[in-house]
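Colleague: Here is a sequence together with a model predicted from it:
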Amino acid sequence: MKITIRQSDFNKIYEHALSERPDEACGLISGIDREDGVREIKKVYLLTNIDHTNEHFSIDPKEHLKAIKDMRANDLKPLGNWHSHPESPSRPSEEDKRLANDSSASYLILSLMEEGEPVLNAFHVEGREGEREVRKEDLEIIKDGEENG
Amino acid sequence: MNITVAGEKKNVADGLTVSKLIELENVETPQYVTVSVNEEFIESGAFETHVLSEGDEVEFLYFMGGGQ
């Protein structure tokens, strides 16, 4: 699957992730699934990691609920979540895979391990717990206002 | 009675509990679901005893977490 994120939204999550270091940062993504099969992120949510550690994240359920209502009010679909890996690569950890319970979701992971060189990847996770299958999605960062083909 | 589930209005039986609603809605992996009723979170231990009322607004939220 191809998934797009605007440069400004990428910048938002990058800046938020930097500000939350050494803890992991997290949030939600919303948007639309276009008829041409492209998943387009239209809004990102910067939410609180209630674990406040560099090894784990849990999205604040109150903020999660507020974000879901905002998506509904704006005709946006929940598309998945994003979180940062302050000290490790941009790929799902075993814990990420274990807790990836929504097979329709896109899971974005932003690695900060190389200073000044953030790496963002998107993943799709299927299968039951213990038998998870991870596929990398084709993520493209697009310029603001530029319709992606 | 009429309630709203994830933004959709539904007519359900009187006396419906949260756990019965989870069954009716075919919620996947309910062990990872947080339920709110009128923006109040319901403890999972109370799903079987919490009876829904006319006009309640119910949301199912999948736990979102992970670790590096």
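Modeller: That came through, no problem. Small disclaimer: the values here were computed from a predicted structure and weren't measured.
Colleague: Flag every residue of chain B that's near chain A.
Modeller: B:7, B:28-29, B:32, B:34, B:36, B:39, B:41, B:59, B:61-68 (CB under 8 Å from any CB of the partner chain). Placement of C-beta: from N, CA and C, glycine included.
Colleague: quick one: which of the residues you listed sit in strands?
Modeller: Judged by DSSP state E, the residues of chain B next to chain A include B:34, B:36, B:41, B:59, B:61, B:62, B:65, B:66 as members of strands.
Colleague: and the residue nearest to the fifth one when sequence neighbours are not counted, how many neighbours does it have?
Modeller: Computed as CB to CB, 6 or more residues apart in numbering or on different chains, the closest residue to residue B:61 that is not its neighbour in sequence is residue B:34, at 4.5 Å. Counted with other CB atoms under 10 Å in any protein chain shown, the neighbours of residue B:34 add up to 18.
Colleague: do the same with the one 5 residues further on
Modeller: Residue neighbour count, defined by other CB under 10 Å, stands at 11 for residue B:39.
Colleague: you'd agree it is up against residue A:68?
Modeller: No: assessed by CB atoms under 8 Å, residue B:39 is found out of contact with residue A:68, at 11.3 Å.
Colleague: so who does the residue lying closest to residue B:42 once chain neighbours are set aside touch?
Modeller: Nearest residue to residue B:42, sequence neighbours excluded (CB to CB, 6+ apart): residue B:35, at 4.8 Å. For residue B:35, the contacting residues are B:18, B:22, B:41, B:42, B:44, B:47, B:58, B:59, B:60, B:61, by CB atoms under 8 Å, 6 or more residues apart in numbering or on different chains.
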